[in-house]
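Undergrad: got a predicted structure here, sequence first:
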Amino acid sequence: MREELVGRAAHVEAIRQKAEAEMAAIGIDQALIERVVETFYGRIARHRTLGPVFEGRLAGRWDDHLAKMKRFWSAIAFKSGAYGGKPVQAHLGISGMREPLFADWLALFAETLQDVVPDERARAWFMATAERIAKSLQLALFYNPAIDDPAKSGLPSAG
């Protein structure tokens, strides 16, 4: 049992080191993650559609949210395990949360990356990751299987 634990710890450490090397190769470090998060959420706070939704949820807690988002992005980039939250549960029941806001969120994120992240490969990594996050949240929060059920669509089924 002890050998399994030691082996697992070594495996996890190797994954983390590989991720750090991959991120370093495209210019992503903790300082860049912090700059992206701070710039992006500063823009969200001022955004005409996103701002009110975020303010409704984060009033008086923006600093805590920024710290959490820095841990979240670091955990993804460096595979560090620094984030242990539950993103889907955190987004359930947010007043004003609507599926079309994800397009605004992604557009603002892309604009922020263009302004803040100098390396094209780093921008591509951030954007692809953000798109996966957005898609995952959209499916978790808004997916309705009945919409995709051919029997309920009025269209003929294949076969």
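TA: That came through, no problem.
Undergrad: drop to CA atoms for contacts and neighbour counts, all remaining ones
TA: OK.
Undergrad: now the helix or strand Phe40 falls within: average pLDDT?
TA: According to DSSP states H and E, Phe40 maps onto helix 30-46. For helix 30-46, mean pLDDT rounds to 97.
Undergrad: that one: how far from the chain's middle?
TA: What separates the centre of helix 30-46 from the centre of its chain is 13 Å, taken as CA atoms, centre = their mean, to the nearest Å.
Undergrad: which strands or helices does it pack on?
TA: Helix 30-46 sits against helix 50-58, helix 62-78, helix 101-116, with contacts defined as 3 or more CA pairs under 8 Å, 6 or more residues apart in numbering; DSSP states H and E.
Undergrad: now the longest one against helix 30-46, angle please.
TA: Read it as helix 62-78. 140 degrees (axes from the mean of the first three to the mean of the last three CA atoms, to 10 degrees).
Undergrad: between helix 62-78 and helix 50-58, what angle do the directions make?
TA: Angular relation of helix 62-78 and helix 50-58 on a 0 to 180 degree scale: 100 degrees, by the same axes, to 10 degrees.
Undergrad: out of the helices and strands packed on helix 30-46, nearest to His11?
TA: Closest approach to His11 among the helices and strands packed on helix 30-46 (CA to CA): helix 62-78, 14.2 Å.
Undergrad: mind listing what's buried along stretch 134-149?
TA: Ala134, Leu137, Gln138, Leu141 (16 or more other CA atoms under 10 Å).
Undergrad: which residues does the first one contact?
TA: The contact partners of Ala134, taken as CA atoms under 8 Å, 6 or more residues apart in numbering, are Phe102, Leu106.
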